[in-house]
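Chemist: Below is the structure, and that's it, no one-letter string:
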């Protein structure tokens, strides 16, 4: 049975960044392992367990210890991932698990969050010492624009998202994993944010700020589909990675 290692900064990243991919891998017979670096802003270990059950993730644990790093909302304080990238912990985890494939976020951190970028960079640095095919989750600029338009129609004149979710431009080579359950990904998002996955977008305006990147990614999923994730290649090492669909 091939093994996929998923490495993320916060609980909920496994839904936003790789929720479709882990579901597809699980259905294809992969054993999926998640390592999360911080407890996030919500201290959501119970929610993370439930989310993993919905997304085909067989086991999860902390990348280091639960309190080793904190999420301070992107302020880059001294105990954040951005201040001390966990390269050693990532490398140790890869050596212990010996995965056939690693999934994380792309070079832009998917949303530009400094903790996300730090995780992506730590994984890339670890690959200098351990060889494994690695994919980083990305969204396309055209999909970000489609999500922004949905929110602008419901909240005209409001700032949409933080401005850090840019997406990659047309022509960027991306691999797509598709065919996941939309319902289960919506349910996993609801584990963290009441209704963010399941309620109509118009009901969420006002409950969530239009400038929320979580709301923007929800709109991106509505506009372009919940059943797939797209990835850039972070390594060129051969592996028995899944085929594109």
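Modeler: Perfect, I can see it now. Everything quoted here is computed from the prediction, not taken from an experiment.
Chemist: where in this structure is pLDDT low?
Modeler: Filtered on pLDDT under 70, the chain yields the residue ranges 41-44, 74, 236-245.
Chemist: where exactly do the strands run in it?
Modeler: For the chain, applying DSSP state E gives strands covering 3-8, 31-36, 59-62, 101-105, 134-138, 175-178, 228-233.
Chemist: Next, the angle strand 3-8 makes with the fifth one.
Modeler: Direction vectors for strand 134-138 and strand 3-8, defined by axes from the mean of the first three to the mean of the last three C-alpha atoms, to 10 degrees, enclose an angle of 40 degrees.
Chemist: Give the partner strands of strand 134-138 in its sheet and their orientations.
Modeler: Strand pairing for strand 134-138, using DSSP bridges, gives strand 101-105 (parallel), strand 228-233 (antiparallel).
Chemist: out of those strands, deepest packed?
Modeler: Comparing the strands paired with strand 134-138 by mean neighbour count (mean count of other C-beta atoms under 10 Å), strand 101-105 ranks first with a mean of 27. Using the backbone N, CA and C atoms, a C-beta is placed for each residue, glycine as well.
Chemist: what's next to that strand, contact-wise?
Modeler: 2-9, 13, 17-18, 21-22, 25, 30, 94, 116-117, 119-120, 123, 132-137, 231, 234-235, 239-242 (C-beta atoms under 8 Å, 6 or more residues apart in numbering).
Chemist: thinking again about what came up before, nearest to residue 142, of the strands paired with strand 134-138?
Modeler: strand 228-233 (11.5 Å; C-beta to C-beta).
Chemist: Would you state the helices of the chain in chain order?
Modeler: 13-16, 19-27, 45-54, 87-97, 114-126, 141-154, 182-192, 201-204, 213-224 (DSSP state H).
Chemist: ok, and for the second one, which residues are buried?
Modeler: Taking 16 or more other C-beta atoms under 10 Å as the neighbour-count basis, helix 19-27 is seen to contain the buried residues 19, 20, 21, 22, 23, 24, 25, 26.
Chemist: so can I have JSON lines of those residues showing distance to residue 83?
Modeler: What follows is the buried residues of helix 19-27, written out as JSON lines (distance: C-beta to C-beta, whole Å):
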{"residue": "19", "distance to residue 83": "28"}
{"residue": "20", "distance to residue 83": "31"}
{"residue": "21", "distance to residue 83": "29"}
{"residue": "22", "distance to residue 83": "28"}
{"residue": "23", "distance to residue 83": "33"}
{"residue": "24", "distance to residue 83": "34"}
{"residue": "25", "distance to residue 83": "32"}
{"residue": "26", "distance to residue 83": "34"}
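Chemist: Which one of these is nearest to residue 201?
Modeler: Among the buried residues of helix 19-27, and counting by C-beta to C-beta, the member closest to residue 201 is residue 19, at 17.9 Å.
Chemist: count of neighbours near the residue lying closest to that closest one once chain neighbours are set aside?
Modeler: Excluding the flanking residues, the one nearest residue 19 by C-beta to C-beta, 6 or more residues apart in numbering is residue 185, at 4.6 Å. Residues lying near residue 185 (other C-beta atoms under 10 Å) number 24.
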